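Student: sequence below, structure please.
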Amino acid sequence: MMRELAYNYFSNLNPKQQDQAYEAINSLIDKGFITHEDQNKNMECLRLTQLGYDNLYQNSRDVSDIEKMIMREFEKQNSRPGNVLAIKNLNFGLVQNLNPVEIERFEPAINNLIDKELITYEKNGLECIRLTERGYETLY
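Tutor: Prediction:
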């Protein structure tokens, strides 16, 4: 099973660790978290199932937690009403620390903050979010 994995990864393990790794993989397959696919003689892979994905990210932050994280970014900069955060800066900072489920929740979090009138979204050259007076009062 898994010639490529055995060659690239398992070769760095001692025999006991190799046995444990195979046992762990088989356990994940038995639980339905991953599948082993052998599409052709040169291509084998382990594929994460939906059950595995859901289990892996079961402790993800919810939309309200991500809203708080976004507002903390304003707080870190001692922002006042009208100050902005560039979306590209959020993408290269905050978003990089989110897992895939949380990334899916990022846009809804932005939209919720807009709906609550804590921020506005602007795309006049620089795509950014702007702290409103209400956002400022809520933040501090």
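
Student: please identify the buried residues of stretch 108-116?
Tutor: With burial defined by 16 or more other C-beta atoms under 10 Å, the residues of stretch 108-116 counted as buried are 109-110, 112-113. Where C-beta positions appear, they are placed from N, C-alpha and C, glycine not excepted.

Student: quick check: buried residues in stretch 59-69?
Tutor: Neighbour count says stretch 59-69 has 60-61, 63, 66-67, 69 buried, by 16+ other C-beta under 10 Å.

Student: out of the residues you listed, which two sit at the greatest distance?
Tutor: In terms of C-beta to C-beta, the buried residues of stretch 59-69 reach their longest pairwise distance at S60 and E67, which sit 14.1 Å apart.

Student: G82 falls within a strand, correct?
Tutor: No: note on G82: no strand contains this position according to DSSP: H, G, I helix; E, B strand; the rest coil, which reports coil.

Student: hang on, the earlier thing: of the buried residues of stretch 59-69, which is the nearest to T49?
Tutor: Distances from T49 to those, taken as C-beta to C-beta, are shortest for S60 (17.3 Å).

Student: I appreciate the help and will end here.
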